[in-house]
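Colleague: quick check, what structure comes out for this input:
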Amino acid sequence: MTIVTKYPLHRYSDVMTNTGASESGAVVPWNVRAELARRGVRQVEAAEVLGITQPSLSNRLCGRVQFTVHELVQLAEWLDVSPAHFFAPFECQAVPSEQASS
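Modeller: Model prediction:
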C-alpha cells in the first residue's frame, strides 16, 4: 500500500515568506534537505559553499530562517540543478511495513 500526499505550490512570495498555507513554507527547506540527502552532502559542506555556519544552515533547513534567493541560486549551481527545483511540490510516500523490514 502506498500513501501519496501532494502539497500544492503556492505563490513564490508565500513560499519565500512562509505566509501561505501552512505547508507552503516547508517546500523550499524540504526540497533543499532532500537534494542534499540524495547526494550524500553533509550540512557542513553545503554551509561552506554558502559561506555560513552549519548551525545557520540547519536553521534554514528547519524553516526557522528563510533562505535568500542568492543562497538558493548558489546551492542550485553547486548541486547542478535549477533553482526552480527547490520550489517544486513534493510528494510523501509511505513504505508498507512488510517492505520496510526487508
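Colleague: contacting residues for residue 54?
Modeller: By Cβ atoms under 8 Å, 6 or more residues apart in numbering, the residues touching residue 54 are 43, 44, 47. Using the backbone N, CA and C atoms, a C-beta is placed for each residue, glycine as well.
Colleague: and the buried ones among those residues, selectable in ChimeraX?
Modeller: Applying 16 or more other Cβ atoms under 10 Å to those leaves a buried subset, and the ChimeraX line that selects it is:
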select :43,47
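Colleague: okay, the contacts of residue 54 in a markdown table with secondary structure, distance to residue 76 and pLDDT next?
Modeller: Formatted as a markdown table, the contacts of residue 54 follow (DSSP: H, G, I helix; E, B strand; the rest coil; distance: Cβ to Cβ, whole Å; pLDDT from 0 to 100):
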| residue | secondary structure | distance to residue 76 | pLDDT |
| --- | --- | --- | --- |
| 43 | helix | 17 | 97 |
| 44 | helix | 19 | 97 |
| 47 | helix | 16 | 97 |
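Colleague: give the helix, strand or coil label for the spatially closest residue to residue 50 that is not a sequence neighbour.
Modeller: Counting by Cβ to Cβ, 6 or more residues apart in numbering, residue 71 is the residue found nearest to residue 50 once chain neighbours are left out, at 5.3 Å. Following DSSP: H, G, I helix; E, B strand; the rest coil, we place residue 71 in the helix state.
Colleague: what's the distance between residue 71 and residue 27?
Modeller: Separation of residue 71 from residue 27 (Cβ to Cβ, to the nearest Å) stands at 15 Å.
Colleague: more crowded one of those two?
Modeller: The neighbour comparison of residue 71 against residue 27 (other Cβ atoms under 10 Å) goes to residue 27, with 23 against 19.
Colleague: pLDDT weak spots in this structure?
Modeller: Scanning the chain for pLDDT under 70 picks out 1-25, 90-102.
Colleague: where exactly do the helices run in it?
Modeller: Secondary structure of the chain (DSSP state H): helices located at 12-17, 27-38, 43-50, 54-61, 69-79, 97-100.
Colleague: could you dump these to TSV with distance to residue 89?
Modeller: Shown next, in TSV, are the helices of the chain (distance: least, Cβ to Cβ, whole Å):
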stretch	distance to residue 89
helix 12-17	10
helix 27-38	7
helix 43-50	22
helix 54-61	18
helix 69-79	16
helix 97-100	24
